[in-house]
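A.B. asks: Below are the sequence and a predicted model; questions follow.
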Amino acid sequence: MGRAVAVIGFGQTKHGRREDVNYQELVYEAVKAALEDAGISPGDIEAIIYGSMPSAMEGINAAHLYLSDAMAAFGKPLMRVATCGSTGMSVAHSAFYHVASGSFDIVMAVGSEKMFENDPQGTMETVADPWFQRAFISGAPGVFTMQGNQYSHRYNLPEDRVREAAARISVNHHDNALDNPYAHIRVKITIEDVLKSRIIAYPTRLMDVCPSSDGAAALIFASEEKAKNFPKKPAWVKGLCYCGDEHFFGDSDKVVWESAIIPAERAYKMAGIQNPRKELDVAEIYNPFTYQELIFYECFGFCDRGEACKLVEEGVVLRGGELPCDPSGGVLCTNPIGATGLIRVGEAALQVTGRAGDRQIPGAKMALSHAMGGVDQFNGIMILGSEL
Amino acid sequence: MAKEKPKILEGSISLPYRWAIGPVFTRFFEELKDKKIMGTKCSKCNRVLVPARKFCPRCFEETTEWVQVSDKGTIRTWSLITFEFSGQPMPPPYIVGLIDLDGADVAFSHFIGGIDLSDIEKVKDRVRIGMRVEAKWRDERRGNIHDIEYFKPV
Amino acid sequence: MASKVAIVAVAQIKHDDCLGENIREISYEVSKDILNQVGMKREELGTIISSSSDFWEGISCSNSVYYEAIGANLKDSSKAAEDGASGFVYAVMRIMSGHFDNALVHAVTKSSEIPSLSALTNLYADPFFQRPVCLEDISTAAMQAMLYMNKYKITEEQAAKVVVKNLGNALNNPYAHKRGKIGVEEVLKSDVMAYPIKALDVATYSDGICAMLLASEERAKKMTDNPVWVKGMSWGVDHQFLGDRDLLNGKLKGVAKKAYDMAGITRPVEEIDAAEICEPYSFQELLWYEQLGFCGDGEGGKLIDSGTTAMGGRLPVNPSGGVLAHNPYVARGLIRIAEAALQVMGKAEKRQVPDVKTALAHSTHGFAGQHHSVIILGK
């Protein structure tokens, strides 16, 4: 696989409604935290990779230029990588390649979003091409609900059963977020609460859906040589892969979703994982919608096709189960989109190095992190492990 | 079937924004109401940065020492703008400039005005790099960059 | 460089041919051209990196709209936004890592579809200080030009010579947008837009698209007997507030030095045979000469006067006509690299500089050159 690369530092802001800071200051907060976590100074960072949602989200074109000072990028190599929701993962991948190529030894990946400064669904609309889909797509709720409905129908799953599994996921993740001081939504809810919450796009209800958050995250990657000299345990990148499919929503099957299946298979192969359910200790899955998470369990090989509800019913993927998902609370509780994918990688890094505090899964050594983007188009995966 | 000439689809994107200003820039703008231009000093490199900042972009440390700088300064560079574009905040002609305010170590961008803009030759006569200018404050100040209407020749 | 990467094929589409087509179609055409050139099937593509701009295209997450058009369906592809040169260096790093042995790089801009360069670049500026005072691409370049003229007595005539040279060179470039034999007088007489910048000092809005195939050393040698090796590459960014920056001595010097060191170049004018640099404003070509080490500080005007950078001179700059002749904002950086590669390959047809062994490509984006990239290519 070439040069080994590790995560040696992770910083994130307190996510939520952050009108107390402007966008530059928000990013500064995460970057400062990452530098402190790694115990290095800004001068040690050799290159920076930045990503966020499309420019329309904050109304700033080429935001990497606007935020350059906040990322300590003055005089340094900087590039902007942006792939919609999967941006945070694409940024992490770019950082990996900066180091794996031998071009740099220590680089920083930064992702951010300030969603309270705009109408996020208004921006989501503009992702769809103007000639055919823009008039219909109806933002994220429209797309992901259509996908969820397809899934239930494909496997003849009774609406109630899927409904309940989704609600269980929601309760589990909201509970997890109570152990995560950085999470945006930290409330105790019950299955009843989820089932009774307001309908957004039938059958998706308010508590099936992620919030819009302000937040930023920064992750520091280092080469094997440098990582070994760091005081804290590094989290090694064991495997990574990314995949996208066609732009038109109707062109590909989004249930047996190749663009999610392929990166998982390839990342597992790189990491030497043959039985993900057994060999992964924790997974930080990109889950803005509860229904969609069921599809990801299947695409990532945690169970057979059509069996995702069972994983939830048997508690396999819940806290305390065999493969707990999103101990951080996941995207469902915190979603500053440009940072969200990066936060998944950071949380995975914390887990395998035993630094996840109250949300630590005991003994975690191998973690999967994932991000999804576009109009159900992109998926990226990075697997981190405690050993080289 | 006759071959159609490819067409153009017209459209526009219009989205509302509400940008958080942050406490440091907020204080900067509040002080403008009192006709004060504030900077912050970096304790590492000793530079005074205007507008006041939360952190120094070179040292990457928080800059918490507030320093008032003069509302007079020297033109570092300028340009007379005579072309139009959609969404332009101010209709042309106008002059933009970078002004080194007395007491600041970086330049501040604003309009240069109080000058006859009708003819570039007249402007070139009147506006020069290195020229002294001072802020023309608006009578009614609201706590934004337009509280200074422009910088005029001293 | 730790491991060798080569450019094995390049492709562009003429500005005129882009106008009536949508972004997906031209992306398909240019990518198919590359596959045909090297006799490769789409399945054999390793990775694909694309550059485009959401605001330029009016499509958020712009690479999503043409993802499969550049052969990326079910492949590992990413986007380095806003500058084609960023996409290039990212693709090079992907190959250097050993994870992929080939990469398709793609960059596209359809400037014919935008409201204006100024409207979009006004949005580069922060909303609180610089945007309300109308800072955008042209006015910031004009302030830089003003400083430049004032400090070193560079003249408008010297800047105009850049326009004359580049539009003249573009007569040999079938892909360019603007070309023609014009005189210094014509440039000087054109309407003042943002003093001292006049209409003919400013690059036009163009549609443009470029693709190239990169390969690892082993793969490249199997694909072509004329590989163009990446000898050095570097990029860097300046401050966000215009007033924080030294507009005459920004980050380009340091970026160029790093690329030169990687390529073992110490005397650029002697050791580089052709240069494709990004000059959206005539004055900037002169300033970039200095920052690239083609001459000393303040001597950019003298350099163009000397004829060194003309076709037939010691170091021809922009044999393609550069950005003044063809300005698809995001794609222009990759086009500079493609043109430099064609020079090394000996395939630049009428715009070929004789005996090119080493070529330099430069890209910039952001106000007054906030971000620069330099790539050195050679045999």
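C.D. replies: Good, I have the coordinates. Residues are numbered from 1 along each chain as shown, chains lettered A, B, ... in the order given.
A.B. asks: Phi and psi next, for the nearest residue to C:S116 once chain neighbours are set aside.
C.D. replies: Using C-beta to C-beta, 6 or more residues apart in numbering or on different chains and skipping residues adjacent in sequence, the residue nearest C:S116 is B:F85, 4.4 Å away. Where you see a C-beta, it was placed from the backbone N, CA and C, and this is true even at glycine. When read as degrees, to the nearest 10, the backbone of B:F85 gives phi -150, psi 160.
A.B. asks: And for C:W235?
C.D. replies: Per degrees, to the nearest 10, the backbone of C:W235 is at phi -150, psi 160.
A.B. asks: ok, it - contacts?
C.D. replies: A:77-79, C:85-86, C:89, C:255, C:371-374 (C-beta atoms under 8 Å, 6 or more residues apart in numbering or on different chains).
A.B. asks: any idea which of those residues is the one closest to C:G183?
C.D. replies: When the contacts of C:W235 are compared for distance to C:G183 (C-beta to C-beta), C:H372 wins out at 31.0 Å.
A.B. asks: That closest one belongs to a helix?
C.D. replies: No: for C:H372, which was evaluated using DSSP: H, G, I helix; E, B strand; the rest coil, the result is strand, with no helix membership.
A.B. asks: Just give me the neighbour total for residue 43.
C.D. replies: Defaulting to chain A. A:G43 has 10 neighbouring residues, counting by other C-beta atoms under 10 Å in any protein chain shown.
A.B. asks: wrong chain, I was asking about chain B
C.D. replies: Quick note: B:S43 (other C-beta under 10 Å) scores 13 neighbours.
A.B. asks: quick one: pLDDT of residue 151?
C.D. replies: With no chain named, the answer covers chain A. Here the pLDDT value assigned to A:Y151 is 93.
A.B. asks: other chain: chain C
C.D. replies: 97.
A.B. asks: for it, what are its contacts?
C.D. replies: With contact taken as C-beta under 8 Å, 6+ apart, C:K151 is in contact with C:248, C:298.
A.B. asks: any idea whether A:R80 is helix, strand or coil?
C.D. replies: Assignment for A:R80 (three-state DSSP): strand.
A.B. asks: Excluding sequence neighbours, find me the nearest residue to it.
C.D. replies: A:H64 (3.8 Å).
A.B. asks: what's the answer for A:I169, then?
C.D. replies: Closest to A:I169 by C-beta to C-beta, 6+ apart is A:T290, at 4.6 Å.
A.B. asks: Check whether C:K79 sits in a helix, strand or coil.
C.D. replies: Going by three-state DSSP: C:K79 is strand.
A.B. asks: biggest helix in chain B by residues?
C.D. replies: helix B:23-33 (DSSP state H).
A.B. asks: Give me the mean pLDDT for that helix.
C.D. replies: For helix B:23-33, mean pLDDT is 95.
A.B. asks: right, is that helix up against chain A?
C.D. replies: Yes: Helix B:23-33 reaches chain A (C-beta under 8 Å from any C-beta of the partner chain) through B:23-25.
A.B. asks: Pick the one among those closest to A:A56.
C.D. replies: In terms of C-beta to C-beta, no member of these lies closer to A:A56 than B:F25, at 22.7 Å.
A.B. asks: pretty sure the closest one is touching A:Q24, no?
C.D. replies: No: at 9.3 Å, B:F25 and A:Q24 do not qualify as touching, with contact defined as C-beta atoms under 8 Å.
A.B. asks: before we move on, back to that, please pick the buried ones from the residues of helix B:23-33 next to chain A.
C.D. replies: Among these, those classed as buried by 16 or more other C-beta atoms under 10 Å in any protein chain shown are B:24-25.
A.B. asks: Burial check on the residue nearest to C:S116, number of neighbours?
C.D. replies: When neighbours are counted by other C-beta under 10 Å, B:F85 registers 19.
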